[in-house]
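[1] Need coordinates for the following:
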Amino acid sequence: MLKTTWLSQLKIKLFSYTSHASKGLPGKQCISIFTLLSLFSFSVNAQAALPKEQYSTKTLATQLQSPWSMVELPNGTWLITERDGHVVIVKNNAQSRVKLNLTGLYVAGQGGLLDIVLSPDYNDSKEVIFTYAQGDASANRLVVAKATFNGTDFSKPHVIYKVATDKNTPQHYAGRALILPDNTLLISTGDGFDFREQAQVITSQLGKILRINLDGTIPTDNPFINHKNLNAHAVYSLGHRNPQGLVYDYDTQQIVSHEHGPAGGDELNYLTAGTNYGWPVITYGKDYSQARISPFTEYKGMQKPSVNWTPSIAPSGMAYYGSKHAAFPSLQQHVLITTLVDKKLYSVNLVSGEFTQSHVFPEAAGRLRDVFITDRGNVAVLTDGKEAKLMLMTSN
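    The predicted structure follows:
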């Protein structure tokens, strides 16, 4: 169990690595008032204009109980996770609910059943990957598990990886999963809320992006594979708080993430192997008490965010709308981001490097938990909390 203090951060060796991300904030230091007014006008117009295509909205599922994520199967069936360990199956306009036999499921605070993704060979294996919180109040952790789906029920999930660092808080699991083109798996882990300095400790797996193989082993080309402590071998990047958005931009072959800041300081980042993203040494946010967390918004060897949201929007899910998606061409090369505080779905343009943000699909309102792009390029949005629903926006 962790026993750390904020003062101990001053004694921690800060790991610094060169970022190779090709995108960041515009570098101009000054700009004319005319240009500022032009940019403001463009931003307002962009928010009103996107998406440019006509669309219709329908509800796919209702009465969902604290859902967290969803995925569409190749046959059009939807699987929706609920934090209490259920998966809702939506098929042929009907929905059913099955309970997963998850070993040690811990449902408290922000914990429970979290993400769901399909294995790359799903068509043959019918294999599904889950993340969930495991343990109890005194010692709990994020784990990754696999199960097979037969169309109506799941096999008992077997755990393929456990985050090595236990904590005694029910917050900040992160828990997002992303399969990369090389068939490795990225897993985001949170800082546990009370252990934020652990995000800077390479031998702790809190506040990290981890990279594992689909069988739970560690890729031999991970950035810290030669570290003497085995816990560091799975680490892909460090200095994260609670990253719940994780996508692959296949048009530029870059990994994009977002994470919750405290009071302010929500971030969008381009992830590269071995890079330190700074939390809690650099942040634009303050503690919930409004106390200052750090005097730094930049520090040598730490990567600043490409986008900083202050005040917080509370970004939850994220999906990449790439050039292969045809239903809404006006959204191509944007990320779509659901928010829990702003209660809106945003698109962020990744093309220009200016990260223009637009409010899209206003029919999706309230606390929004996740977003998913179908193979046809239609947009599904999952709301949050009790009596939640799954909506689908379809291009006409």
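[2] List the residues that contact the residue nearest the centre of the chain.
    Nearest to the geometric centre of the chain sits residue 245, at 1.8 Å (C-alpha atoms, centre = their mean). Contact analysis of residue 245 by C-beta atoms under 8 Å, 6 or more residues apart in numbering lists 176, 256-259, 268, 315-318, 335, 337. All C-beta spots, glycine's among them, are computed from the backbone N, C-alpha and C.
[3] Looks like residue 315 contacts residue 257 (just checking).
    No. With contact defined as C-beta atoms under 8 Å, residue 315 does not reach residue 257; the gap is 9.8 Å.
[4] what's the distance between stretch 351-368 and the middle of its chain?
    Distance, stretch centre to chain centre, for stretch 351-368: 16 Å (C-alpha atoms, centre = their mean, to the nearest Å).
[5] how about it: buried residues?
    355-361, 364, 367-368 (16 or more other C-beta atoms under 10 Å).
[6] mind listing the strands for the stretch 101-250 of the chain?
    Assigned by DSSP state E, counting those that start in this stretch, the strands in the stretch 101-250 of the chain fall at 113-118, 127-135, 140-148, 158-162, 174-179, 184-189, 208-213, 235-238, 242-249.
[7] hey, which of these is tucked in deepest?
    strand 235-238 (a mean of 26; mean count of other C-beta atoms under 10 Å).
[8] which other helices and strands contact that one?
    strand 208-213 (3 or more C-beta pairs under 8 Å, 6 or more residues apart in numbering; DSSP states H and E).
[9] Now the residue nearest to the centre of the chain: closest residue in space, sequence neighbours ignored.
    residue 318 (3.2 Å; C-beta to C-beta, 6 or more residues apart in numbering).
[10] Would you agree the one you found falls within a helix?
    No. Under DSSP: H, G, I helix; E, B strand; the rest coil, residue 318 sits outside any helix and is assigned strand.
[11] Could you check the pLDDT of it?
    What the model reports for residue 318 is a pLDDT of 99.
[12] tell me the contacts of it?
    Neighbouring residues of residue 318 by C-beta under 8 Å, 6+ apart: 244-247, 256-258, 335-338, 371.
[13] Adding distance to residue 235 as columns, could you present those residues in TSV?
    Converted to TSV, the contacts of residue 318 look like this (distance: C-beta to C-beta, whole Å):
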residue	distance to residue 235
244	18
245	19
246	15
247	20
256	19
257	14
258	19
335	24
336	28
337	25
338	27
371	27
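[14] ok, these vs residue 309, which is closest?
    residue 258 (8.7 Å; C-beta to C-beta).
[15] what is the closest one paired to in the beta sheet?
    residue 245, residue 268 (DSSP bridges).
[16] Pretty sure residue 260 sits against residue 315.
    Yes. Between residue 260 and residue 315 there is a contact under C-beta under 8 Å: 6.8 Å.
[17] Between the two, which contacts overlap?
    244, 266.
[18] okay, those two: which has more neighbours?
    Between residue 260 and residue 315, counted using other C-beta atoms under 10 Å, residue 315 has the larger neighbour count: 30 against 25.
[19] now the residue nearest to residue 168 when sequence neighbours are not counted: how far from residue 179?
    Setting aside the residues directly before and after it, residue 168 is nearest to residue 138 in space (C-beta to C-beta, 6+ apart), at 5.4 Å. Separation of residue 138 from residue 179 (C-beta to C-beta, to the nearest Å): 33 Å.
[20] Likewise for residue 286?
    35 Å.
[21] for residue 113, same thing?
    Taken as C-beta to C-beta, the span from residue 113 to residue 179 is 19 Å.
[22] cool, and residue 319?
    Distance from residue 319 to residue 179, by C-beta to C-beta: 14 Å.
[23] picking up where we left off before, need the strands of the stretch 101-250 of the chain in a markdown table with distance to residue 106, can you?
    Written out in a markdown table, the entries for those read as follows (distance: least, C-beta to C-beta, whole Å):
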| stretch | distance to residue 106 |
| --- | --- |
| strand 113-118 | 10 |
| strand 127-135 | 4 |
| strand 140-148 | 5 |
| strand 158-162 | 12 |
| strand 174-179 | 12 |
| strand 184-189 | 15 |
| strand 208-213 | 19 |
| strand 235-238 | 23 |
| strand 242-249 | 17 |
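[24] Now tabulate those in TSV and tack on mean pLDDT and distance to residue 325.
    Below are the strands of the stretch 101-250 of the chain laid out as TSV (pLDDT from 0 to 100; distance: least, C-beta to C-beta, whole Å):
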stretch	mean pLDDT	distance to residue 325
strand 113-118	99	17
strand 127-135	99	23
strand 140-148	98	27
strand 158-162	98	30
strand 174-179	98	17
strand 184-189	99	21
strand 208-213	99	25
strand 235-238	99	26
strand 242-249	98	12
